[in-house]
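Undergrad: need coordinates for the below:
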Amino acid sequence: RQRIKAVAVYDKNTQIWEAKPISEYDYRGPDALAREIPPEGVATYETACSAMRRLKDIGILALYVGSGAPVQGVRIVSDYLARMKNAALELRRRMKKKLERVKVPKTNVNALQVAFYQKAFEKLEETSKELRRKHDVAEFIYQELCLAPWHLTFEFIDVHKQHHGTGQLELQGKADPSGGQGGYSFLRDTEKAKGNKAGAATADGI
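TA: Have a look, this model is predicted:
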């Protein structure tokens, strides 16, 4: 209601909003307002609306607002789930070897112990599958949030305008809007950042 008051007046008799007369109420008309918004601004707005619609359509309802912090939060969750998944897979591998050893007929292991190891293996199998599923979901959400136009803008400004981080962008990859046909990906190159940190640590050690 507050927004429409800037361009329209409400007729109490007809109960209809009508456009304000030009030059009255300090209203300059739609043409003057349109000249204040460049085509690039319209394209930016429509691109953001399209990205928000896509995120909502695939079920991401609460994490698309803003840039930087929400994406990094999902990245932290994804990394945590990856470590949990790998730990569960390692425990499953060890339990499988243990189960194979106790199933050998000559071993002095009773049926109750064998059943215990079998149950533990099945539980670890179930846990590892569930963690793999959760990690895949978190990774999918992270990738989708990274491709949002406001995050790509944030990455470019953060790296090249504010000089935060490594100052390197991917240029090519999943965020290239042309699909490798000459466009640019403005996602931060995290792999190069890791390599630079590792190289610096090695140099310090030497």
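Undergrad: in terms of helices and strands, where is Leu187?
TA: strand 185-188 (DSSP states H and E).
Undergrad: just Glu170 next, same as before
TA: Applying DSSP H and E as the criterion places Glu170 in strand 169-171.
Undergrad: nearest residue to Tyr117 other than its sequence neighbours?
TA: Nearest non-adjacent residue to Tyr117, counting by CB to CB, 6 or more residues apart in numbering: Leu99, 4.6 Å away. For glycine as for every other residue, the C-beta is placed from the backbone atoms N, C-alpha and C.
Undergrad: and the helix or strand hosting the one you found, which residues are buried?
TA: Applying DSSP H and E as the criterion places Leu99 in helix 69-102. Neighbour-count burial for helix 69-102, counted by 16 or more other CB atoms under 10 Å, picks out 70-71, 74-75, 77-78, 81-82, 84-85, 88-89, 91-92, 95, 99, 102.
Undergrad: show the average pLDDT along it.
TA: Across helix 69-102, pLDDT averages out at 88.
Undergrad: which SSE is immediately downstream of it?
TA: Taking DSSP H and E, what comes next after helix 69-102 is helix 111-146.
Undergrad: that next one: what's the following helix or strand?
TA: helix 149-156.
Undergrad: if we can go back for a sec, tell me the buried residues in the strand holding Glu170?
TA: By 16+ other CB under 10 Å, the buried positions in strand 169-171 come out as 169-170.
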